[in-house]
Structure formats: structure tokens, C-alpha cells
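Predicted model and sequence follow; I will ask about them next.
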Amino acid sequence: MNEPAAESGPTLPDSAPALPKAATGIEGFDAVTFGGLPAGRPSLVCGAAGCGKTLFATTFLVNGATRYGEPGVFMSFEERAEDLVANVASLGYDLGGLIAQGKIAVDHVRVERSEIEETGDYDLEGLFIRLGFAVDAIGAKRIVLDTIETLFSGFSDEAVLRAELRRLFGWIKERGLTAIITGERGAGQLTRQGLEEYVSDCVVLLDNRVEDQITTRRLRVVKYRGSAHGTNEYPFLIDAEGISVLPVTSAELDYPVSDGVLATGIAGLDAMLGAGGFYRGSGILISGEAGTGKTMVCASLVDAACARGERCLAFVFEESGAQIVRNARSVGLDLGRHVESGLLRYEAARPSLYGLEMHLARMQRDIDRFRPDLVVVDPLSALRGPDAELQATVLRMADLLKSRGITAVFTSLREDGSLGRDGDIGVSSLMDAWIKLLNVEANGERSRTLYLIKARGMSHSNQVREFAMSREGLQLVDAYIGPAGVLTGTARAVQEAEEAAAALRRAQENRRRQREAERRRRSLERQIDELRADLDALAGEEAILLDEDERREAALESERDARAVRRGG
Amino acid sequence: MSVPGRLRLRLYVAGPSPRSTRTIESVRRLCEGRLAGACGWECDLEIVDLYQQPGLAAQDGVVAAPTLLRLSPLPARRVAGDLTDAHRVLVTLGLDPAEASPFQAARQQQQQDTGIGGADGV
């Protein structure tokens, strides 16, 4: 069953005249198969016991009846109708109601070896007729045969059975019914009885794998004749909200970017950033050891976002949401009101609850449902797994958020921002901004400092800030950077006091020198005044002398004139 | 040795095919011949066309065609196939004329079944 006929890339769009498809309504599955199962044909859903085959098939029928107006027949070879109704009720499916409305028919075919003896020639016309009857009774467009292989345990003549199965699938196609045939996983082949030989249009394999004691359900479209489909193994989830396949999209780097800026709620931090905050849709890493205040920085971001009316979703792996809300109150942040107003949701889960893939898948589902503007993952480093998988998970997580334009805040306990045992998984390079929180220990005290290592696309302060948490909130204080290095805490206070004293001294000295200068200036001015007075006195004397001269000259002149008159006369 | 009584049989066939006709004939022959003669059974044979009464077939859990059901006396038993081997039909229906009573026969048949079943299961 290694037929590559329908193999192609998962991102290939279906451009050719598309094969008619019947949507299953299973979140994600229709996306992976570009529309659902092949309409009017049988598809095989196989997997080991307990991997969700019956549930998958039931969901296909229920959604068909409720959403797509296609009634369906469930032919069960294993569970009785009542059991089936009870089993799926836990997922919120009202199978009983749908049966009563005539939208779904359940037919339990009981096949037991001890009850049936065979003598001579026979066929399974009885089954066909029953199926046909049920289909006609409600006008079914969809059918499920779960698990038809049970027939092999009831009848011994395999040649007859195989011929009849071939006829059955031919009949399904002829009637144009979209069918799901479930099959138990067999050794070395997809199903025990090799059903994949008969159902060649679409084969879906379900798997429930345990790695490191953590189970992950996965789904793979093994083949899909005549259609493109995603070829990866996709995790899927069965919970109270039904079954959802969670294709985690490939890491493409073609998402739109935003120029919008998101204030952090910490005035000092906003001031450090050239744009007055982080860009919207960017990935922000906050790294720091335990007790450096990562969660509170996140809380501040969340509070600021919610206060602007934005939706926030926080995935927390080490504390419960209620605990974070309580703790945030100690720094003056009231997150409780945001939780109440529905703007903020905490999704708390232990990292070991699911595998990495499932965490990612669950996040994607929650994000798509809640549609947040800001997502917090606290702490990212709590996720454990094989390094290669961890790297891929983080990459896809960042991509998942970016492609949706959601601002993401990740925290990491690793100071260098890396993950994994060997520390070679660089998370920091995936992030657009990186805040590093560092506890500086000196002189018998510890103080919190904050560095802004990077902020892509904006100028930012390169200086270390001291970071203080108090009832008034989070505050950044300029740390002392001087010849003696960076000083924080009390040392900073002492240094600042010393500096203040020195400044005072300098100011006093300055004033003294100013006074001295003033005094000298005044003395010079006085001298200038005296000299000017002398000058004035001198000028006066000069004028008097000049006047006397003139008068004497005039007297002499008149005397000469008088003498001339006397001589001439 | 025989316990006379009423035997209710129901035969499901799929439409008027040659096989259906053949099966109906062989069952009729069986009822009128060996069952009535050697065991003194009064046969009450009902022939049902699957196409005509699919609801009834579903109720009886009939999958294969043709299928012969022994409805009473209990326990109910069923044989699938065209029923050409009369002796085997009687044995599997628990109506082997060699046996004293159908009830005892049924019991023995059951024991035999479990024995055979066990062997088959290995």
C-alpha cells in the first residue's frame, strides 16, 4: 500500500477541476484534505484500538446531518446503538435526538461466529439490503461501516467475503454515498484483512503513540486519489469539544508586518524603546532566572493590553491563572477584572500533560477560537522534549503567532535565552525583541536589572536599568554606570549620595570662585572709575588752560589793533 | 423417542434468484421429509424475501443470504448458505433426527460448538 499516486505537497492549491468533496466538519481535517473526504466514494479510516476511529466516523456523520444537510447511516458491527449514543454523548453529540429526527440511522449488525453456521453457497445480500433499506429510509448521503472486518470473524469463507466486500464498495460508489469504512490496524499492513485493497480512493491512518510516557494522537492521510493533501502526520485532539485535527502550518516567512506599537505598561521600558513600545505582531522574549520578575513583566504587558481593550491569552505551565492574578496584585496590577470581563484567559497546563506537538496543536486551536491580540507563553523553557522536536516546535509556535499578527511574549528561564539540554537551540534569534532580566548580586544584596538586548527595527537604549517591583508597580530606575562599573541597589544609592555630595562640593567651590571673580571685577571697575575721574579732572584743567590762552590771544590781538590805529591816526 | 412439537423456521432469501428457488425447495423438502417423518416435527416454515421485508431482516440480524432461522423451540439458531447438505443443516439447527430431543440436541450441539470453537480459536 505504498502508492504515491496522490502524493503531493500540502500547500499545493487545488487548481484543477476539483474532485467533489464531502466536508467532514472536523476542524483541520478539511483543511488538510482541501475540502474533506471524496464525495460519493468510500474512504478507509484505520488505526489501532482506541485511536478514535469510531469517533472520527461518528463526527463525520453528525456534522453531515447537522451542518451539511446530509443524513447518514451508521452501520455498527461492534457497538450497539445505545452504547454508541452514550459514548458520543460525552462529546456533546445528541445522536439520540438526530436518530429521532430521522437524520441519522444506526443499525447494529451482530455477527457472531458461534451463532452462524454455513452450509453451501451464500452471499451478503442481507447486509446490502439492510444498508440499502436504512439509506433509503432517511435519504442518507453518508454511511459509516464500523468495523466491517468483524464480518471476517463471523464468516469463515474468506473468498465469499472478499468478493462481497468488493461488491459492497462498488455498490457504495454506484449509489454515490460518501462512506467511511473503519479498519483495525494489522501487522505489516494498514488493516488486518487488507481492506486497503478495496478502498483505494482515500486512506486515513490514525495513530496513538506514546513517547516518553506522553501520548500523542496523530492523523495521516496515507493516500487520496485525485486530490492534493497534506502528507504530514498531524496531531489531533479528542476532548469535550469533539475531535479536531490540528495542522500546524509550515514555517513560511511571508506574513504581513505591522507598524503599530504596543506600549508595555512600564513607562521606563517604553522610554527605552525608540518607538515607545514593541511592534505589534512581534515576538518578545523575556529571559531570566527564577525570581527575576519575568511573569510580572508579562503581567504588566497583559494589563496594559487589556486596559486598551485587547484580548490576551496566556499559556502558563508552572502556575495557575488564579495564582498569577493574585501575585500580580502585589505589584499593583489588577488582572482579575480582565479575566472577569473576558478579555484575558489563562490556559494553565502542566508541560507533561501532552507531547510537544499536542501542546502546539492545542495552542493553535485555542488561539483560533479566542482570537487574542497578545499571547503569553510562560515559560517556554518548561516544554521538554527531544532537542530537534523542541526547536521545530518553538519555530512553529513563533510562526503560528506571527502569521496571525499576534504579539507574542515568551519567557525563558535560561539566561542565554536558549532551550534544550545542550543549550544550542537558539530561541533568541527567532525573536524580534529580547529583554534580559538579571539579578545582580553585590555587597550582600541582590538587585534586579533589565537589559534590552535587542529590538528589531527600532532604536533602543543600550543601558542597563534597575528594575524595581513595588506596590506602585514596576518601575525602571537608571542604574549607575561609572568608572567603578554598573552599580545597583544600595551601592547605587551610596554612589548616588557620594555623587550628590561631590556635586555639592563642586557647586560650592564654583560659587566661591564666582564670588572671587566678582570681587576682582568690582575692584577693577573701581580702579577704572578712579582713573576716569582723574581723566575728567585733567580734561577740565586742559579746557581752562585753553580758554586762558584764547583770551590772552584775543587781548593781544585787540591791543595790536589799537596800536595800529594810534600809529596810523 | 421423538418428541412431537411445533417447529418454527424462517427462511430469508434475496429475491427470486435461482439460488433462492433452490434453497426454498431444499428446505421444503427437509420439512416435509425428514423432519416430519423421522422426528414427527410439525414444520411451520415462513419464507421472507429480504427485499420485501428489510426491517424484519434487521430485527433478526440477518446478514447473509440465504439464511435459515430456527425461531422455536429456543434457543434460536441460524444457518447461512443454500442448505443443500440436508444432514448438515439438521445438525447445525440442532434437529438431528438421531438425537432424542431437540433440547438435548441443542445442548450437545452447544458443547460441541464450544469444543470446535476452542479448536478453531487456536
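Structure received.

helices and strands of chain A: which one has the lowest mean pLDDT?
The helix or strand of chain A with the poorest confidence is strand A:418-419; it has a mean of 61 (mean pLDDT, DSSP states H and E).

Close to chain B: what parts of the stretch 151-300 of chain A are there?
Counting by C-beta under 8 Å from any C-beta of the partner chain, the stretch 151-300 of chain A comes close to chain B at A:151, A:154-155. (Each C-beta comes from the backbone N, C-alpha and C, glycine too.)

With pLDDT and neighbour count as new columns, can the residues you listed be given to me in TSV?
TSV is the format used below for these (pLDDT from 0 to 100; neighbours: other C-beta atoms under 10 Å in any protein chain shown):
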residue	pLDDT	neighbour count
A:151	80	21
A:154	77	20
A:155	79	20
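
Identify the residue spatially nearest to residue 23, adjacent ones excluded.
All of this refers to chain A. Excluding the flanking residues, the one nearest residue A:23 by C-beta to C-beta, 6 or more residues apart in numbering or on different chains is residue A:36, at 4.0 Å.

ah, no, chain B please
In this structure, residue B:23 finds its nearest non-sequential neighbour in residue B:66, 4.4 Å apart by C-beta to C-beta, 6+ apart.

can I assume the one you found is in contact with residue B:78?
No. Residue B:66 is not in contact with residue B:78 according to C-beta atoms under 8 Å; the separation is 10.7 Å.

Show me which of these two is the more surrounded one.
residue B:66 (31 against 22; other C-beta atoms under 10 Å in any protein chain shown).

Tell me who's in contact with the more buried one.
Applying C-beta atoms under 8 Å, 6 or more residues apart in numbering or on different chains to residue B:66 gives the contacts A:122, B:11-14, B:19-20, B:23, B:80-83.

got it, and residue A:167?
residue A:128.

Look up phi and psi at it.
phi -70, psi -40 (degrees, to the nearest 10).

how near is residue A:151 to residue A:379?
Using C-beta to C-beta, to the nearest Å, residue A:151 is found at 53 Å from residue A:379.

sorry, that was for residue A:31
30 Å.

before we move on, what about residue B:71?
Note on residue B:71: its distance to residue A:379, by C-beta to C-beta, is 70 Å.

So the two - more neighbours on which side?
The neighbour comparison of residue B:71 against residue A:379 (other C-beta under 10 Å) goes to residue A:379, with 25 against 15.

Verify the stated contact: the residue nearest to residue A:23 with residue A:28.
No. Counting by C-beta under 8 Å, residue A:36 stays clear of residue A:28, with 11.4 Å between them.

Which strand residues bridge residue A:217?
Per DSSP bridges, the residues bridged to residue A:217 are residue A:208.

May I ask you to name the longest helix in chain A?
If you go by DSSP state H, chain A has its longest helix at helix A:489-568.

So which elements touch that helix?
strand A:433-442, strand A:445-455, strand A:480-482 (3 or more C-beta pairs under 8 Å, 6 or more residues apart in numbering or on different chains; DSSP states H and E).

Recalculate using a threshold of 7 Å.
strand A:445-455, strand A:480-482 (3 or more C-beta pairs under 7 Å, 6 or more residues apart in numbering or on different chains; DSSP states H and E).

Please dump those into CSV; it should also carry distance to chain B for every row.
What follows is the helices and strands packed on helix A:489-568, written out as CSV (distance: least, C-beta to the nearest C-beta, whole Å):
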stretch, distance to chain B
strand A:445-455, 68
strand A:480-482, 83
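
closest to residue A:340 out of those?
strand A:445-455 (30.3 Å; C-beta to C-beta).

Quick one: list the elements packing against the following helix or strand past that closest one.
Remark: after strand A:445-455, the chain's next helix or strand is strand A:465-470, criterion DSSP states H and E. Helices and strands touching strand A:465-470, as assessed by 3+ C-beta pairs under 7 Å, 6+ apart, comprise strand A:445-455, strand A:473-478.

Name every strand pairing with the last one and say which way it goes.
On the basis of DSSP bridges, the sheet neighbours of strand A:473-478 come out as strand A:465-470 (antiparallel).

Could I get the buried residue list for the strand it pairs with?
A:465-469 (16 or more other C-beta atoms under 10 Å in any protein chain shown).

how's chain A carved up into domains?
Using automatic domain parsing, the domains assigned to chain A come out as A:22-112+A:122-245, A:261-478, A:483-560.

Make TSV from the ones you listed and add distance to residue B:51 to it.
Shown next, in TSV, are the domains of chain A (distance: least, C-beta to C-beta, whole Å):
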stretch	distance to residue B:51
domain A:22-112+A:122-245	6
domain A:261-478	48
domain A:483-560	91
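
Is it correct that residue A:452 is in contact with residue A:463?
No. Taking contacts as C-beta atoms under 7 Å, residue A:452 lies outside contact range of residue A:463: 8.5 Å.

Who has more neighbours out of those two?
Neighbour tally, residue A:452 and residue A:463, criterion other C-beta under 10 Å: the higher count belongs to residue A:452, 18 against 13.
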